[in-house]
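A.B. asks: Sequence below, structure please.
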Amino acid sequence: MLNRTACDVLEEMRTCVKVLNFAPMLSLIEEIQIMFSRMENKLYTIKDFAHLEKEIKRLEKKRFVLKEDVGEKENHWD
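C.D. replies: Modelled structure (predicted):
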């Protein structure tokens, strides 16, 4: 099965309106709702990954500073 895009579904809806055949309209609405729901979920996932990447970088910097601090204290005791 080929991937259907939201534009394909909308075009099919327009055809339904043009020929005044509304029988498939409910299934087309359902199909496009599923498509948009998946798209929104993907966008939120990408946003979460971006947030996690920033958090990892922040923690890596903090870890580097802490390692330097520990190294200085170890040298101080020698």
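A.B. asks: Where does pLDDT dip in this structure?
C.D. replies: Applying pLDDT under 70 to the chain picks out residues 1, 76-78.
A.B. asks: Recalculate using a threshold of 80.
C.D. replies: Segments of the chain classed as low confidence (criterion: pLDDT under 80) are 1-2, 71-78.
A.B. asks: Assign residue 3 to helix, strand or coil.
C.D. replies: Per DSSP: H, G, I helix; E, B strand; the rest coil, the local secondary structure of residue 3 is coil.
A.B. asks: Look up how far residue 31 lies from it.
C.D. replies: Separation of residue 3 from residue 31 (C-beta to C-beta, to the nearest Å): 12 Å. Every residue, glycine included, has its C-beta placed from N, CA and C.
A.B. asks: which one of these two has more residues nearby?
C.D. replies: Neighbour tally, residue 3 and residue 31, criterion other C-beta atoms under 10 Å: the higher count belongs to residue 31, 17 against 5.
A.B. asks: Quick check: chain neighbours aside, which residue is closest to the more buried one?
C.D. replies: Computed as C-beta to C-beta, 6 or more residues apart in numbering, the closest residue to residue 31 that is not its neighbour in sequence is residue 9, at 5.4 Å.
A.B. asks: How much space separates the one you found from residue 33?
C.D. replies: Residue 9 sits 10 Å away from residue 33, going by C-beta to C-beta.
A.B. asks: Pick out whichever of these two has more residues nearby.
C.D. replies: Between residue 9 and residue 33, counting by other C-beta under 10 Å, residue 9 is the more crowded of the two (20 against 11).
A.B. asks: tell me the contacts of the more buried one?
C.D. replies: Counting by C-beta atoms under 8 Å, 6 or more residues apart in numbering, residue 9 touches 28, 31-32, 35.
A.B. asks: same thing but 10 Å
C.D. replies: Contacts for residue 9 were tallied using C-beta atoms under 10 Å, 6 or more residues apart in numbering; they are 27-36.
A.B. asks: Check residue 30 too.
C.D. replies: Contacts here follow C-beta under 10 Å, 6+ apart; on that basis residue 30 touches residue 9.
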